[in-house]
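Visitor: using only what follows, build the 3D model:
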Amino acid sequence: MNYAASVEYLLSLLGAFSNSRFGLHRMELLVVELGHPERSFRPIHIAGTNGKGSTAAMIAAALHAAGCPAGLNTSPHLMRFNERIRINNTDIEDDDFAAAIREVRTANESISAREGREMHPTFFESITAAAFCAFRRAGVEWGVVEVGLGGRLDATNVLQPELTVITPIALDHERILGDGVRSIAREKAGIFKHDCRSVVADQSREVLDEIRGCAEEQGIQLIESRQAWQSGNISSDEGFYRFDAIPGPQAPGGREPFPIELGLAGEHQVANALTAITSLDVLGVESGAIRRGLADVFWPGRLERLPGKPEFLLDAAHNPAGATVLASFLREHCTNRTIHLIYGSSRDKPVAQIAELLFPYADRIVLTASRVNRSISPDDLLKAVEQHHNDLTVKPSVEAALEWVERHADRRDLIVVSGSIFLVGEAKAALEQRVAEPVGQ
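Guide: The predicted structure follows:
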């Protein structure tokens, strides 16, 4: 099985087991069949609604900077499946990816033959297990693993982590996780394991109370990032932030304040960095490695700027919290420019609320859809958001939207692509060969 065949196999699993129950039973069978690859590394398990990918990337980058072989497993990907599995700050090679999928396919077929088709692992379970196999093959010491959905019943929760991390929690996926933030917080805190240490990012009082209760039930040590590390002397240069990391009352002790320069754009990354710093402090990573890792980290599709005339800004703001972050960035760092927004979303997102937050910062908006089946059609999207802007255009595809905006944009303008990671991924793929070419007037 080569890389193309491995991708084809994974795609064949999408929707093939849509009646499968949400739970750990299939994943538990799969890791047993594979000889427990999840036990070959020291896991750091990360759940949350916002910032979990960025925080995971920061932690993995700092571990690598400290000389610790580290794997990173995140989802979804922007352009290629390899992005979901990183070894020592580099996307997994095609041959290694194919080898991991081959292992998993053999195990899946064995389980299905023995237990019945209803127990065949799903797409997400399969690629999660492939990440564990890839980590085992690479011999990493640490595996930083991002939860896919929720926490308690997520496929990643077969891990026995050395550290769990909870990033900011907000309303999302309510149909699956529950209607209120307390219910969602309890699902996320389902990654807690007895006697495991856990770091929790700054949260609302309601969420924090729920997480504290879950931690007490599990008998775990809970470290609150806002009590462990604070930021001082914050400044920015074109949206990239610098600050002094200052130890607080819950910091393990023995460290002096040290300066941080972030490789990820946006003021919200300061809070994500404090969560990462707290986690790395708990693990005993030295300050110099933390500084290097957080300066070098890259997380595609999150306030990612593509130079050109006009310039592009890609940001997968898929929920109200993400829209608030993007709106703040545009307000603070993109003034005195005409802003064209290409926007599309999945059907299950509160698009009217997102539009109310984000659309006021754009001069012209093009509504479109990615090729993913979950996308809301541009016409339905228009009906949902038309009251929030008076210059709306509808285009049937990402490529058509890009072509239209490029024809109408001036060289000095900013073109923002946002709404879902699938939309951003398609736009980035289309732009790779075109972004440096002058377009517009």
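
Visitor: what number of residues lie near the closest residue to Ser346 other than its chain neighbours?
Guide: Using C-beta to C-beta, 6 or more residues apart in numbering and skipping the chain neighbours, the partner closest in space to Ser346 is Arg374 (4.5 Å). From N, CA and C alone the C-beta is placed, and that goes for glycine too. Each residue near Arg374 was counted by other C-beta atoms under 10 Å, and the total is 13.

Visitor: again with Pro396
Guide: Neighbours of Pro396 using other C-beta under 10 Å come to 12.

Visitor: you'd agree it is in a strand?
Guide: No. Judged by DSSP: H, G, I helix; E, B strand; the rest coil, Pro396 forms no part of a strand; its state is coil.

Visitor: give me the distance between the nearest residue to it once chain neighbours are set aside and Ile191.
Guide: Among residues not flanking Pro396 along the chain, Pro378 sits closest, at 6.4 Å (C-beta to C-beta, 6+ apart). The gap separating Pro378 from Ile191 is 37 Å, by C-beta to C-beta, to the nearest Å.

Visitor: give me the more crowded residue out of these two.
Guide: Just comparing Pro378 and Ile191: by other C-beta under 10 Å the higher neighbour count belongs to Ile191, 27 against 21.

Visitor: how near is the more buried one to Glu125?
Guide: For Ile191 relative to Glu125 (C-beta to C-beta), the value is 16 Å.

Visitor: part of a strand, is Pro43?
Guide: Yes. Judged by three-state DSSP, Pro43 forms part of a strand.

Visitor: ok so, going back, check contacts around the residue nearest to Ser346.
Guide: Taking C-beta atoms under 8 Å, 6 or more residues apart in numbering as the contact definition, Arg374 lies against Ser346, Arg347, Asp348, Phe422.

Visitor: how about Phe312, phi and psi?
Guide: Torsion angles at Phe312 (phi, psi; degrees, to the nearest 10) stand at phi -110, psi 150.

Visitor: likewise Phe240?
Guide: phi -100, psi 130.

Visitor: okay, it and Ile59: tell me how far apart.
Guide: 19 Å.

Visitor: so for these two, which sits in the more crowded spot?
Guide: Per other C-beta under 10 Å, whichever of Phe240 and Ile59 has more neighbours is Ile59, with 30 against 17.

Visitor: elements contacting the helix or strand harbouring the more buried one?
Guide: For Ile59, the host element (DSSP states H and E) is helix 52-65. Using 3 or more C-beta pairs under 8 Å, 6 or more residues apart in numbering; DSSP states H and E, the elements in contact with helix 52-65 are strand 42-47, strand 70-73, strand 142-146, strand 163-166, strand 258-265, helix 268-283, helix 287-296.

Visitor: quick one: mean pLDDT over the last one.
Guide: Right, the one you point to is helix 287-296. For helix 287-296, mean pLDDT is 98.

Visitor: hang on, the earlier thing: could you check the angle the helix holding Ile59 makes with strand 142-146?
Guide: 170 degrees (axes from the mean of the first three to the mean of the last three C-alpha atoms, to 10 degrees).

Visitor: what about dumping the CA coordinates of helix 52-65 to PDB?
Guide: The C-alpha coordinates for helix 52-65 follow below in PDB (Å, rounded to 0.1, in the frame of the first residue of the first chain):
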ATOM      1  CA  LYS A  52      -6.300  23.000  21.700                       C
ATOM      2  CA  GLY A  53      -4.400  22.600  18.400                       C
ATOM      3  CA  SER A  54      -2.300  25.700  18.900                       C
ATOM      4  CA  THR A  55      -1.500  24.700  22.500                       C
ATOM      5  CA  ALA A  56      -0.600  21.100  21.400                       C
ATOM      6  CA  ALA A  57       1.700  22.400  18.700                       C
ATOM      7  CA  MET A  58       3.400  24.700  21.200                       C
ATOM      8  CA  ILE A  59       4.000  21.900  23.600                       C
ATOM      9  CA  ALA A  60       5.300  19.500  20.900                       C
ATOM     10  CA  ALA A  61       7.600  22.200  19.500                       C
ATOM     11  CA  ALA A  62       9.100  23.000  22.900                       C
ATOM     12  CA  LEU A  63       9.700  19.300  23.700                       C
ATOM     13  CA  HIS A  64      11.500  19.000  20.400                       C
ATOM     14  CA  ALA A  65      13.500  22.100  21.200                       C
END
